[in-house]
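Novice: here is my input, please return the structure:
(chains A and B)
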Amino acid sequence: MIKPDSELALVTTIKEAKGPMRVIGGGTRIIGAPAIGEILSTTGMSGISLYEPGALTIVASSGTPVAEIEAKLAKDHQRLAFEPMDHRELLGTQGTPTIGGVVATNASGPRRIQVGACRDSLLGVRFVDGQGRSLKNGGRVMKNVTGYDLVKLMAGSWGTLGVLSEVSLKVQAIPEAVGCVLVNGLDETAAVSVMSRALGSPYDVSGAAHAPVGVNGHPVTMIRVEGLESSVSYRTKKLRQMFADNGVEITIEHDLENVTACWKWVRDVSLFKNSEASVWRISIKPTDAPGLVARIRADYHDVSVLYDWGGGLIWIEAPEGVNLRSFEFSGHATLIRKSPDTLCKLPIFQPNVGPLLAISKGLRSKFDPRNILNPGLMG
Amino acid sequence: MDMPHPDERILSRKAAIISRIRKVLSADAVIDNPSETRAYECDALTAYKCPPMAVVLPRSTTEVSAVLKICHEEGVPIVPRGAGTSLAGGAMPTADAIILGVARMNEVLEADYQNRFIRVQTGRTNLSVSGFVEGEDFFYAPDPSSQLACAIAGNIAMNSGGAHCLKYGVTTNNLLGVTMVMMDGQIVEIGGAFLDAGGLDLLGLICGSEGQLGVVTEATLRILRKPEGARPVLVGFDSNEVAGKCVSEIIQAGILPVAIEFMDRPCIRATEDFAGAGYPDCEALLIIEVEGSEAEIDAQLERIISIAKQHNPVEVRESGSSEESAKIWLGRKSAFGAMGQINDYMCLDGTIPVSQLPYVLRRIGEMSKEYGLDVGNVFHAGDGNMHPLILFDANKPGDLELCEAFGADILRLCVEVGGCLTGEHGVGVEKRDLMTDQFDMADLDIQMSVKDVFDPQWLLNPAKVFPLKASESRRNLAN
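Specialist: Residues are numbered from 1 along each chain as shown, chains lettered A, B, ... in the order given. Alright, predicted model coming up:
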């Protein structure tokens, strides 16, 4: 494993590379085919170079542990707004998640529906492309339209366009209070409808998820609000009133620890831990979600499901070899986990077609003309 | 302003090219009479003008595709145009180019409140998107000052912001999908009524690419439920420094106002003379707006005011009614008009780290004396997006050049303190030649290589974004 300790060393590593490299951060989000080529880890480049709480900005080297960033922010009552998922439970990986890994995978949690994804909090990047050029885009300010937005392009490019060396992120104040409205016993269509109403309310919902089989074995729909203590208490009451007519059992959870644990469970898809079955992550129009799941269930009984983002994100654990992309829907599906002994040849990411395929290939050939950075990972 | 020499080969084939285009568009959608094309000689950056060879106003994505296919074959540059409100010359033509205006494509295609999106043709104006969903108590969040006139197409091209983006983000954070026509006429769909990309984030790349990668004809936009209410408070200070510090402390206290607007003394005076909003006589004032239920608004304002009061404000004016709220906003909203009444002005758009506000304002004041040109500052303080308005006299020889030099110095200062050249207006032609102050050649090269992929012949929106010298070899190669 090569671990350059500076951007300059990273430049040398890439310039001198003779063949493909498997680019990783802490190696906790390994998806796709087994590694090809030598492992290039960013963990040698670590440390927070700038943190301005009054400007809601943090700048860190890509290999900085997420935990270190979160601890630093927490001291000033701030956090990463987009609630990055920790993939370790789901993927059965070990190691230390890095901020560069979060950015490279655009890892975003339940709060994505309110504040946007990682890419929406990402203000700037420094990276080294496949030719070994040190490059930058964006910066450290909130609003920036100077030139093309390669910041977004780098987020979620899984190390295939360049190796991140530094990232700047917008951060968020940790709210004073949090509350969670729990609606029990809804079927999936009713649950998406309730979540749509909550998200379409003026109550600034920061999380809306549904587990057809919750921790206690029954369906539970979770709606989270955050803010000043008086706001949270007001908004949870209002939300409760909105759904009281459904004749369902509603409880409100205000205990910080319980609410945090509940949303960590959703964020990290803990439902599917300790298993090796395939896990798909499907982004879809929320009201289409229950119908798609019903069609999948009609063909394969053995699937479990978790809905996040008000129904816009479906996590599905399905039997090995099943291609959920064969079900028609508008959106995209990522095969996040595959069982290790499978010969499954399905692409990890939703394949592009037509001109978009040509564009994606064209961009890769510009950023990484030798095709040495995570080759084949994104198709 | 240097622009590339018009291509004589194109100009000499004008009749043949126009005749081909007339076959795919209705008669009233093609304008080539010089007396009519003149209406498109500039956008809201009126200092630079050049009538295009022709103007086309298609009515559908298919028509856009047909026109682009012909222009691609003929090698004719295309300047996409929304409503022509760019302050950066983003829709400025070249003499050999065809303006492709999307203004006639202004339909709402779908509004879905359950899934919280609206799909529109991109010629639709920003405000009318919110107008369409208002009956259901929804709104479209990005709200550039030109929202009454500006089109979604231009908003996407420039990644427009607005006063309320502190809380709701800019266009790219509210854009879910686009239908885009490539320069060769191919139609692509990127994103849709779902979140984030399956592969590379092409949607994020296209937003803010200033019409140089494709012509976006339809857009899926995120809509939000309106808050229960909103209320501003006005706070006056006797120094910019203190006002800047107050902004920083409010943000750090964990309160997220929807807007924090900042005006300095020259701007306050100008707007007072113009609009009579009754602003206090002070060095700097902030307008801070929060949202929520009445009780929530009270709670947030109470905290904001208690922070402000620690800084010895000259005045704290809390709105007690919708009339008072309107009055607080009146001066801010008429600031550009007020400055325009004094003289011609150039509006800049650099962004700086919030912590640098006092220093930058002081330096701008010093430079104003050195250049002998007045400048007023009115801007979105919460996110550091400044809008210095430099006053000059367009009829006075040399004044425009002086103003340009002053503006360039201010933007260089923004970059120097860790900021950028443009926060929401875009580079266009205006800041094209300053790009090398913010980026190394390699940084520009990788951006230009993105254009190589989407538009190998470099026909889309020529002479914008990149310094002409930097793009010269690519443009020559393409021809």
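Novice: okay, the closest residue to B:Lys167 other than its chain neighbours: pLDDT?
Specialist: Leaving out its chain neighbours, the residue that sits closest to B:Lys167 by Cβ to Cβ, 6 or more residues apart in numbering or on different chains is B:Val258, at 4.4 Å. Where you see a C-beta, it was placed from the backbone N, CA and C, and this is true even at glycine. Looking at B:Val258, its pLDDT reads 92.
Novice: could you do A:Ala277 as well?
Specialist: 88.
Novice: let's verify the nearest residue to it once chain neighbours are set aside: helix, strand, or coil?
Specialist: Nearest residue to A:Ala277, sequence neighbours excluded (Cβ to Cβ, 6+ apart): A:Glu317, at 5.0 Å. Look at A:Glu317: counting by DSSP: H, G, I helix; E, B strand; the rest coil, its state is strand.
Novice: how far away is A:Glu317 from A:Leu186?
Specialist: According to Cβ to Cβ, to the nearest Å, A:Glu317 stands 21 Å off from A:Leu186.
Novice: for the closest residue in space to A:Arg297 that isn't next to it in sequence, what are its contacts?
Specialist: Distance criterion Cβ to Cβ, 6+ apart; nearest residue to A:Arg297, sequence neighbours excluded, is A:Val303 at 6.0 Å. Neighbouring residues of A:Val303 by Cβ atoms under 8 Å, 6 or more residues apart in numbering or on different chains: A:293, A:296-297, A:316-319.
Novice: now do B:Met105
Specialist: For B:Met105, the contact set (Cβ under 8 Å, 6+ apart) comprises B:58-61, B:121-124, B:217.
Novice: now, which of these lie within strands?
Specialist: Among these, DSSP state E puts B:121, B:217 in strands.
Novice: now distance to A:Val213 too, for the contacts of B:Met105, in TSV please.
Specialist: Shown next, in TSV, are the contacts of B:Met105 (distance: Cβ to Cβ, whole Å):
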residue	distance to A:Val213
B:Pro58	52
B:Arg59	51
B:Ser60	48
B:Thr61	44
B:Gln121	44
B:Thr122	43
B:Gly123	48
B:Arg124	44
B:Thr217	44
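Novice: drop anything exposed from the contacts of B:Met105.
Specialist: B:58-59, B:61, B:121-124, B:217 (16 or more other Cβ atoms under 10 Å in any protein chain shown).
Novice: now, which of the residues you listed sits nearest A:Asp308?
Specialist: Checking the buried ones among the contacts of B:Met105 against A:Asp308 by Cβ to Cβ gives B:Thr122 as the nearest, at 30.5 Å.
Novice: hang on, the closest one packs against B:Pro80?
Specialist: No. Proximity of B:Thr122 to B:Pro80 does not meet the contact threshold set by Cβ atoms under 8 Å, at 9.5 Å.
Novice: common neighbours of these two, please.
Specialist: Listed as contacting both B:Thr122 and B:Pro80 by Cβ under 8 Å, 6+ apart are B:102, B:153.
Novice: how near is A:Lys75 to B:Glu110?
Specialist: 46 Å.
Novice: please disregard the earlier target; I meant B:Ser35.
Specialist: With distances taken as Cβ to Cβ, B:Ser35 is found 39 Å from B:Glu110.
Novice: which pLDDT value belongs to the residue of the stretch 51-200 of chain B found nearest chain A?
Specialist: Evaluated by Cβ to the nearest Cβ, the stretch 51-200 of chain B has B:Gly198 as its residue closest to chain A, separated by 3.1 Å. We note a pLDDT of 86 for B:Gly198 in this prediction.
Novice: quick check: beta-bridge partners of the nearest residue to B:Asp32 once chain neighbours are set aside?
Specialist: Nearest in space to B:Asp32, with sequence neighbours left out and distances taken as Cβ to Cβ, 6+ apart, is B:Ala54 at 4.1 Å. Beta-bridge partners for B:Ala54, by DSSP bridges, are B:Ile98.
Novice: looking at the contacts of B:Met105, spot the one nearest B:Ile99.
Specialist: B:Pro58 (11.4 Å).
Novice: longest single helix anywhere in chain B?
Specialist: helix B:399-416 (DSSP state H).
Novice: I should have written chain A there, sorry.
Specialist: Chain A, longest helix under DSSP H: helix A:229-244.
Novice: name the helices or strands packed onto that helix?
Specialist: Applying 3 or more Cβ pairs under 8 Å, 6 or more residues apart in numbering or on different chains; DSSP states H and E, one finds that helix A:229-244 contacts strand A:177-184, helix A:188-199, strand A:220-227, strand A:249-253, helix B:294-309.
Novice: quick one: buried residues of the fourth one?
Specialist: It refers to strand A:249-253. By 16+ other Cβ under 10 Å, the buried positions in strand A:249-253 come out as A:250, A:252-253.
Novice: out of these, flag the one nearest to chain B.
Specialist: Ranked by distance to chain B (Cβ to the nearest Cβ), the buried residues of strand A:249-253 are led by A:Ile252 at 17.5 Å.
Novice: enumerate every residue touching the closest one.
Specialist: If you count contacts by Cβ under 8 Å, 6+ apart, A:Ile252 has them with A:179-182, A:236-237, A:240.
Novice: how does it look with 6 Å?
Specialist: Counting by Cβ atoms under 6 Å, 6 or more residues apart in numbering or on different chains, A:Ile252 makes contact with A:181, A:236.
Novice: chain neighbours aside, what residue packs nearest to residue 254?
Specialist: You didn't say which chain, so I picked chain A. In this structure, A:His254 finds its nearest non-sequential neighbour in A:Gly179, 5.1 Å apart by Cβ to Cβ, 6+ apart.
Novice: think we crossed wires, I meant chain B
Specialist: Once flanking residues are discounted, B:Gly254 sits nearest to A:Ala173: 3.2 Å by Cβ to Cβ, 6+ apart.
Novice: how about the residues of the stretch 201-350 of chain A by chain B?
Specialist: Within the stretch 201-350 of chain A, the positions near chain B by Cβ under 6 Å from any Cβ of the partner chain are A:201-202, A:228, A:230-231, A:283-287, A:312, A:330-332, A:349-350.
Novice: ok, back up a step: what's near enough to touch the residue of the stretch 51-200 of chain B closest to chain A?
Specialist: Here B:Gly198 is in contact with A:332, A:349-350 (Cβ under 6 Å, 6+ apart).
Novice: may I see those organised as TSV, with neighbour count and pLDDT added?
Specialist: Shown next, in TSV, are the contacts of B:Gly198 (neighbours: other Cβ atoms under 10 Å in any protein chain shown; pLDDT from 0 to 100):
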residue	neighbour count	pLDDT
A:His332	22	97
A:Phe349	21	93
A:Gln350	18	93
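Novice: the residues you listed in strands, which ones?
Specialist: Among those, the members that lie in strands (by DSSP E) are A:His332.
Novice: centre-most residue in chain B?
Specialist: B:His425 (3.2 Å; Cα atoms, centre = their mean).
Novice: quick check: A:Leu90 is in a strand.
Specialist: No. Counting by three-state DSSP, one finds A:Leu90 to be helix, located in no strand.
Novice: excluding its backbone neighbours, what's nearest it?
Specialist: Sequence neighbours aside, A:Val269 is the residue nearest to A:Leu90 in space, at 5.0 Å (criterion: Cβ to Cβ, 6+ apart).
Novice: and A:Asn246, what's its pLDDT?
Specialist: For A:Asn246, the pLDDT comes out at 68.
Novice: do B:Cys207 as well
Specialist: 98.
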